[in-house]
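>>> Model the structure of this input:
(one chain, ligands or ions: 1)
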Amino acid sequence: MEEYITANQDNNNNTPNTTSYQTIQSANNLAASTLPTQNSTNQSPLQAQDPEVYNLIKQEEQRQQHKLSMIASENFFSKAVREATGSVLSNKYSEGNTGKRYYEGNEFIDQIELLTIARAKEAFNLPDDWSANVQTLSGSTANLSVYLALLNIGDFIMGMYLPDGGHLSHGWSYTPKQPADPKKTVYYGGKNKVNISSKIFNTISYKVDPVTKQFDYDEVERIATLQKPKLLITGGTAYPRNIDYKRMKQIATKVGAYYLADVAHEAGLVAAGAVPSPVGIADVVTMTTHKTLRSGRSAIILAHKDIIKKINKAVLPGLLGGPFNHAIAGVAVGLKEVNTPQFKEYAQQVVKNAQHLANELITKYQFNVVSGGTDKHLVLIDLTNKNVPGRFFSKALDHAGIVSNYNTIPGDLKPPLNPSGLRIGTPWITTRGMKEEQITQIASWMDQVLKICQEDRYQGIKFKDFKIEIKQNIEIQRIAKEVKQLCLQFPLDI
Ligand SMILES: Cc1ncc(COP(=O)(O)O)c(C=O)c1O
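Predicted coordinates for the structure are as follows:
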């Protein structure tokens, strides 16, 4: 969801495209003034050859170092993971599966892929008759690979309603300016088939319960029984609660559907046992590797060996050419970290931090946290009682050094570009070593930023003016300095 929103955001705001020449030039000037001067002998190859790109990367490093990255889908990878992903492995073509490649010279690539699969089996405690595909490039292509493997064009797929926290790749379409009827528990999509999943399949979305904002399994069962989808999907970008995988599998079995559990967000928490696992229950499990799993940018598909055989064919020749061997190696290195007691502690702390954040926001500052809390790594805030739109709050927080994203909330009547909520998560700051004490401070800063947004001078103001004025606010600048001080106490190993 956040990708869909941000992809459109700049266009709507008419802000310059970041690749424009002027932007790069001003970035260079800025970087040149903030970076230590180095003589040409100790310049890195990139710095010497392409200072424009080098300087932009340096600035991004500083941004990551000095701000609290609290976008729930992001994390900070170890130097070892980044070394693998930046290695010569990206030079090699290896279409096919291990031992059966279409090109020569894959003896080491094969070993890396087999190692990654073995580590995935260990991390997710796979049953003996399950296996993994580690070749898809991202969560969206992982889902598409599953559809290609198991479905025919035009089949019905049924996933969670996007504005309630589902994902684009689970079949999203809409009609502009025609929000779904809030009284209906099912959504049949609209005219704009914005994702490939809705272009080639028929889609139905189930919603969360309007009161609890949690899954209503009886209602999911009723809709599935009526519609008889070929694939039932769970998982999403902004659903803070655990899912009853057994119940969903029962529903899928009853209606003759496959059940896909997409754990893109919580994969690391699943591996660490911090939340329940769908492995061995769902027919297929997909995940991204770059969120809570902290293993570089890629995806993994887990399923019974018979299904994995079909998925391997859907990946190649169905969807991809050569796999990203550097990304697969990054996943192998990340999974070695995942298979340690330290990672288990990390994942537990991610959840404790998110739960502490939710509690602080609710009890001390009267925020309306969707579903009353969280079981995972993210907190979804309904801002309607605060009378500050999500987009304004997330922009103000960013200037204060706390990076999150505006988000729809269940039943939101506002559009995705100007929704009523904010999503915030703890995976990255927990990687920095932050715990409850720091979360207490962060919650206080969030409340301070919110109160600034509520000041009279920002009421009725247009967003394009707000984002300039809030940046100049002295109190916001004071918080940004305090945030930076905290970040420096928990430095990133860049
Ligand atoms: C539930 C879910 N599935 C799939 C994806 C897509 O992953 P990617 O961005 O790697 O394509 C996401 C990304 O946020 C997600 O949250």
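
>>> The residue of the stretch 251-400 of the chain found nearest the ligand: which element?
For the stretch 251-400 of the chain, the residue closest to the ligand is residue 264, as judged by CB to the nearest ligand atom, at 3.4 Å. (Glycine included, C-beta is placed from N, CA and C.) For residue 264, there is no enclosing helix or strand under DSSP states H and E.

>>> Neighbours of it, how many?
For residue 264, the number of neighbouring residues by other CB atoms under 10 Å comes to 26.

>>> For it, list the residues it contacts.
For residue 264, the residues meeting the contact criterion (CB atoms under 8 Å, 6 or more residues apart in numbering) are 73, 139, 167, 235, 237, 286, 287, 288, 291, 299.

>>> at 10 Å what do you get?
Neighbouring residues of residue 264 by CB atoms under 10 Å, 6 or more residues apart in numbering: 73, 138-140, 142-143, 167, 169, 235-237, 286-293, 299-300.

>>> now swap in residue 254 and tell me
221, 224, 225, 228, 232.

>>> Repeat that for residue 260.
With CB under 10 Å, 6+ apart, residue 260 has these contacts: 142-143, 146-147, 150, 157, 159, 170, 231-235, 248, 252, 278, 282-286, 301, 303.

>>> do you know how far residue 48 is from residue 79?
Relative to residue 79, residue 48 is positioned 22 Å away (criterion: CB to CB, to the nearest Å).

>>> Comparing these two, which shows the higher neighbour count?
Taking other CB under 10 Å, residue 48 and residue 79 do not tie; residue 48 has more neighbours (13 against 10).

>>> pLDDT score for that one?
Taken from the predicted model, the pLDDT recorded for residue 48 is 97.

>>> That one is in what secondary structure piece?
With elements delineated by DSSP H and E, residue 48 resides in helix 45-49, which encompasses its position.

>>> What's the first helix or strand after that helix?
Once helix 45-49 ends, the next helix or strand along the chain (criterion: DSSP H and E) is helix 51-66.

>>> Spell out which parts of this protein neighbour the ligand.
Counting by CB under 6 Å from any ligand atom, the chain comes close to the ligand at 3, 73, 138-140, 167, 169, 235-237, 262, 264-265, 288.

>>> Now go through these and say which are in strands.
Among those, the members found in strands (DSSP state E) are 262, 288.

>>> Between all of the residues of the chain next to the ligand, which two are at the greatest distance?
For the residues of the chain next to the ligand, the farthest-apart pair by CB to CB is 138 and 236; their separation is 16.0 Å.

>>> Give the buried residues for stretch 49-64.
54, 55, 56, 58, 59, 64 (16 or more other CB atoms under 10 Å).

>>> got the CA coordinates for it in CSV?
Output in CSV follows, covering the C-alpha atoms of stretch 49-64 (Å, rounded to 0.1, in the frame of the first residue of the first chain):
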residue,chain,number,x,y,z
GLN,A,49,34.4,7.7,-11.0
ASP,A,50,30.9,9.0,-10.2
PRO,A,51,30.8,11.7,-7.5
GLU,A,52,27.1,12.5,-8.3
VAL,A,53,26.0,9.0,-7.2
TYR,A,54,28.6,8.8,-4.5
ASN,A,55,27.4,12.0,-2.9
LEU,A,56,23.8,11.1,-3.0
ILE,A,57,24.6,7.8,-1.3
LYS,A,58,26.6,9.6,1.4
GLN,A,59,23.6,11.9,2.0
GLU,A,60,21.3,8.9,2.3
GLU,A,61,23.7,7.3,4.8
GLN,A,62,23.5,10.5,6.9
ARG,A,63,19.7,10.5,6.7
GLN,A,64,19.5,7.0,7.9
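
>>> before we move on, back to that, neighbour count winner among residue 138 and residue 236?
residue 236 (22 against 18).

>>> quick one, what contacts the more buried one?
Residues near residue 236 by CB under 10 Å, 6+ apart: 1, 159-162, 164-167, 170, 208, 243, 262, 264-265.

>>> circling back: filter the residues of the chain next to the ligand down to the buried ones and express that as a ChimeraX selection.
Selection of the buried residues among the residues of the chain next to the ligand in ChimeraX, burial being defined by 16+ other CB under 10 Å:
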select :73,138,139,140,167,169,235,236,237,262,264,265,288
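
>>> Would you format the residues of the chain next to the ligand as CSV with pLDDT included?
CSV is the format used below for these (pLDDT from 0 to 100):
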residue, pLDDT
3, 35
73, 98
138, 98
139, 98
140, 98
167, 96
169, 97
235, 97
236, 93
237, 97
262, 98
264, 98
265, 98
288, 98
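
>>> helices or strands next to the top helix by length along the chain in the packing?
As far as residue count goes, and with DSSP state H defining each element, the longest helix of the chain is helix 341-363. For helix 341-363, the packing partners by 3 or more CB pairs under 10 Å, 6 or more residues apart in numbering; DSSP states H and E come out as helix 267-271, helix 325-338, strand 368-369, strand 378-382, strand 421-425, helix 427-431, helix 436-453.
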